[in-house]
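Trainee: Generate a structure from the sequence data that follows.
(2 chains)
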Amino acid sequence: MSADRPVVSLEDVRIEFTKSQLFGLAQDERITAVNDVSLDIYENDVVALVGESGCGKTTLGKTAIGLNRPVGGSVEYRGQDVFETKDRSGIPSGLLGGGDFEHSFSEIRRSLQIIHQDPESSLDANDTVEGILAEPLKRWQPELDRRDRRERIYAFLDYVGMVPPKDFADRYPHEMSGGQQQRIALIRALLMEPDLILADEAISALDVSLRVDMMDLMIDLQEAVNTSYLFITHDISTARYMAERADGRIGVMYLGEIVEIGPVEEVTHNPQHPYTKALLWATPDMGSNEALGRTQRLEDAPLRRLDIPDLENPPSGCYFHTRCPEARTVCTEHAPKPTPVGETHEVSCFRARDDHDYWESEELSEDAEMEISDRR
Amino acid sequence: MARARTERETDIDVVFELENVSVAFDDGDTVVLDDVDFSVRRGETLGVVGESGSGKSMFASSLLDAVVDPGRTTGKVTYYPKDDDPMVITEMSDDELRDVRWENITFVVQAAQSAFNPTMSIKNHFIETFNAHDVPKREGLERAVEVMQDLYLNPKQVMQSYPHELSGGMKQRALIALSLVLDPEVLILDEPTASLDLLMQRAIISLLEEIKEKYELTMVFVTHNLNLISVIADRLGVMYAFEFVELGPTREVLTNATHPYTRALLNSVPNLSGDITDMAGIPGQAPNPKDIPSGCRYHPRCPVGDRTCETTIPTFDSDGSDHAAACHYPERSRSQVPLNFGLGDQ
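Mentor: Okay, here's the model as predicted:
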């Protein structure tokens, strides 16, 4: 799957947002969006991050490609600190604080690309496809002349099935379908010859019948141009498709933390975190007998509580304890750290360790907060 | 195509009957629901699936003649109340419709946030509804509390909240509670879970199932999410290019679909258990309403069809069972487009 050294390495990354209180008169409230997350992404790697809205997956993704500065921890590109490079990028080498970096900040920026959920708004509405795609080439490969650029662009259009290329090259974004726009956004990112592409819900806005083909295209092109994907989705079956095609990993995020990460088969068929199990419960397979049977009653759901806690006021201990059917007293007091349960499979849950105090800890009584178990 | 009438004639207890119902914009130039004959059965959960722009929301709106301006609904929609005379929805005045709309049939929309007035507490939304329909406040509130509890909402807390103080999932459940408070018999849900968290989506499906039993509802559930709807629907209707192309019991449609589009759509949905090499998208694009293909509307994307399909519109045939589809070549469709998941062809 990957070379030894990661392309991008996140270590204990912490990201906070500030919410102004009382028009700035009172002390600002800080909200932790990503809470001490570490993640290594290798060459030709695919990591699919799944989680509910607000779990921090997009924020984490944008940090991985250098768009969000963490308040704690570090982001490295091929072993070089991304934000340190950025801070010193304007200072000539030789001066104090200036330095010769192996990779310049503009090189790093080129190497880390993004595809957004809504392709139309990310493409310049006043430019043709050829103009949009020529832009990165002019900037990053000035040695190419107009003919070379056109050749590259047409070759890509041809590859993604937008034929004849000439017809599409002259079109404006609004003259194309969502699927075609997204393919243009993908080509634009790939023309930069990136090492990592953040695909942020990149197929969610497409029609169901087009999603698999778009993912196939991303994987096929990955093999052709040697890039990695950090693929963000709220749908675990989509994550499974993308990661399994590339022999990658699935990471499950909850309230700013990666609670479980591992090989596709492990996460989907041998999940260790109670939250991963709840996500799988929430994703019925339409072909399964279980789905075709009657719905389980909600009280049989692998959840203690329906509603997600407020990120501004996160729970104590393990963030999932308010909804976790397995939670015990210790889970309200201490936060579990990532624990290996397989070669590349990690889970942040006390239950992953046979010798943990959890097993001696008292089960939580059903207090008034417990919406599901308590109601009937 | 007189399916709906046959259903009534064969003593099936029908709630809605649609005859030649169309919805058009631009003075009839843009047809977004085309000549639909259909019936909804009392007590069923009918799932209506299709991709965006297939006409499924228009179908839902047409049931209550609620298509937004300047869209126009033509044809005949008849509603058969449980203990009352039939009402022809398409011939009713706005005032008459307003009463039916809350007391007999209610809509639950996707965007709960825009369904509530941000300056009013949830309780006042309920009271306003009671006033508009001459329901005594005390009686109404008693029922509201019961419905809220059934939806795992804390009535006291939710009632005094303003919409922005509730999470998306709470707001959507509060909207469902409001929809049920006048004891309607039909709930029409248009992507009611689409903007919610995954766990909440799944939870609401379970809740709807529980509520449907308790309050003896008929549900029409419009969605693009095949995985979720398969859990709850008794029958599935599949729409393509502004028409129904297939309709049948959920298990039948999922395991033995007839229409090549249905089969391709099922194959295109990623799932957790199937072999990923069998999953595939559908080449090409759905037509836009101004450029409808001749013959079978699916023929430009269909791997099964031939010349006939280019020129002749297929009829919606049921081969005598409860399962019907509009395809010239049902046998070929089944053999040439194998299903890739779970139960698959049996």
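Trainee: Burial check on residue B:237, number of neighbours?
Mentor: By the criterion of other Cβ atoms under 10 Å in any protein chain shown, residue B:237 has 24 neighbours. For every residue, glycine as well, the C-beta is placed using N, CA and C.
Trainee: At which residues are the strands of the stretch 101-250 of chain B located?
Mentor: Ranges of strands in the stretch 101-250 of chain B, per DSSP state E, counting those that start in this stretch, are B:105-108, B:186-190, B:218-223, B:235-240, B:243-249.
Trainee: Could you dump the ones you listed into CSV with mean pLDDT and distance to residue A:298 added?
Mentor: What follows is the strands of the stretch 101-250 of chain B, written out as CSV (pLDDT from 0 to 100; distance: least, Cβ to Cβ, whole Å):
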stretch, mean pLDDT, distance to residue A:298
strand B:105-108, 91, 18
strand B:186-190, 94, 17
strand B:218-223, 95, 17
strand B:235-240, 95, 23
strand B:243-249, 94, 25
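Trainee: With distance to chain A added, can I get these in CSV?
Mentor: Output for the strands of the stretch 101-250 of chain B, formatted as CSV (distance: least, Cβ to the nearest Cβ, whole Å):
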stretch, distance to chain A
strand B:105-108, 17
strand B:186-190, 15
strand B:218-223, 11
strand B:235-240, 10
strand B:243-249, 10
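Trainee: just for the chain, where's the confidence low?
Mentor: Reading this off chain A. Applying pLDDT under 70 to chain A flags residues A:1-3, A:20-28, A:92-99, A:287-296, A:366-376.
Trainee: That was the other one, I meant chain B.
Mentor: Scanning chain B for pLDDT under 70 picks out B:1-10, B:112-113, B:341-346.
Trainee: So it: which segments form each domain?
Mentor: Domain assignment for chain B by automatic domain parsing gives B:3-233, B:239-336.
Trainee: Residue numbers of the stretch 101-250 of chain B in contact with chain A?
Mentor: Within reach of chain A by Cβ under 8 Å from any Cβ of the partner chain, the stretch 101-250 of chain B has these residues: B:149, B:152, B:154, B:167, B:169-170, B:197-203, B:205-207, B:209-210, B:224, B:226-228, B:230-232, B:250.
Trainee: Okay, helices next: where are they in the stretch 101-250 of chain A?
Mentor: Per DSSP state H, counting those that start in this stretch, the stretch 101-250 of chain A carries helices over the ranges A:105-111, A:119-122, A:129-140, A:146-159, A:165-169, A:178-190, A:208-225, A:236-245.
Trainee: how about the last one, does it get close to chain B?
Mentor: Yes: figure legend: helix A:236-245 in contact with chain B (Cβ under 8 Å from any Cβ); contacting residues A:236-238, A:240-241, A:244-245.
Trainee: just curious, which of these is nearest to residue A:260?
Mentor: Nearest to residue A:260 among the residues of helix A:236-245 next to chain B: residue A:236, at 11.3 Å, using Cβ to Cβ.
Trainee: From what I see, the closest one and residue A:280 are in contact.
Mentor: Yes: Residue A:236 is within contact range of residue A:280, at 6.7 Å (criterion: Cβ atoms under 8 Å).
Trainee: Between the two, which has more neighbouring residues?
Mentor: More crowded of residue A:236 and residue A:280, by other Cβ under 10 Å: residue A:236, with 24 against 19.
Trainee: ok, back up a step: neighbour-wise, which of the residues of helix A:236-245 next to chain B leads?
Mentor: Counting neighbours by other Cβ under 10 Å, residue A:241 comes out on top of the residues of helix A:236-245 next to chain B with 28 neighbours.
Trainee: okay but that residue is in contact with residue A:215, surely?
Mentor: Yes: counting by Cβ under 8 Å, residue A:241 touches residue A:215, with 5.8 Å between them.
Trainee: returning to that earlier point: between residue A:236 and residue A:280, which contacts overlap?
Mentor: By Cβ atoms under 8 Å, 6 or more residues apart in numbering or on different chains, residue A:236 and residue A:280 have these common neighbours: A:268, B:272.
Trainee: So which residues of chain A form strands?
Mentor: A:8-19, A:29-41, A:46-50, A:72-77, A:80-81, A:112-115, A:196-200, A:228-233, A:249-254, A:257-263, A:339-340, A:346-347 (DSSP state E).
Trainee: picking up where we left off before, turn the domains of chain B into a markdown table, including mean neighbour count.
Mentor: Listed next are the domains of chain B as a markdown table, based on neighbours: other Cβ atoms under 10 Å in any protein chain shown:
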| stretch | mean neighbour count |
| --- | --- |
| domain B:3-233 | 19 |
| domain B:239-336 | 19 |
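Trainee: Just put the ones you listed in TSV and tack on distance to residue A:130.
Mentor: Shown next, in TSV, are those (distance: least, Cβ to Cβ, whole Å):
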stretch	distance to residue A:130
domain B:3-233	28
domain B:239-336	22
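Trainee: who wins for proximity to residue A:101 among these?
Mentor: Comparing those by Cβ to Cβ, domain B:239-336 comes nearest, at 40.5 Å.
Trainee: From the contact counts, what lies against the helix or strand hosting residue B:35?
Mentor: Following DSSP states H and E, one finds residue B:35 within strand B:30-41. With contacts defined as 3 or more Cβ pairs under 8 Å, 6 or more residues apart in numbering or on different chains; DSSP states H and E, the packing partners of strand B:30-41 are helix B:3-9, strand B:14-25, helix B:56-62, strand B:218-223, strand B:243-249.
Trainee: do that again at 10 Å, thanks
Mentor: helix B:3-9, strand B:14-25, strand B:45-49, helix B:56-62, strand B:72-79, strand B:218-223, strand B:235-240, strand B:243-249 (3 or more Cβ pairs under 10 Å, 6 or more residues apart in numbering or on different chains; DSSP states H and E).
Trainee: any chance of these in TSV, with distance to residue A:89 too?
Mentor: Converted to TSV, the helices and strands packed on strand B:30-41 look like this (distance: least, Cβ to Cβ, whole Å):
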stretch	distance to residue A:89
helix B:3-9	69
strand B:14-25	53
strand B:45-49	51
helix B:56-62	50
strand B:72-79	60
strand B:218-223	49
strand B:235-240	53
strand B:243-249	57
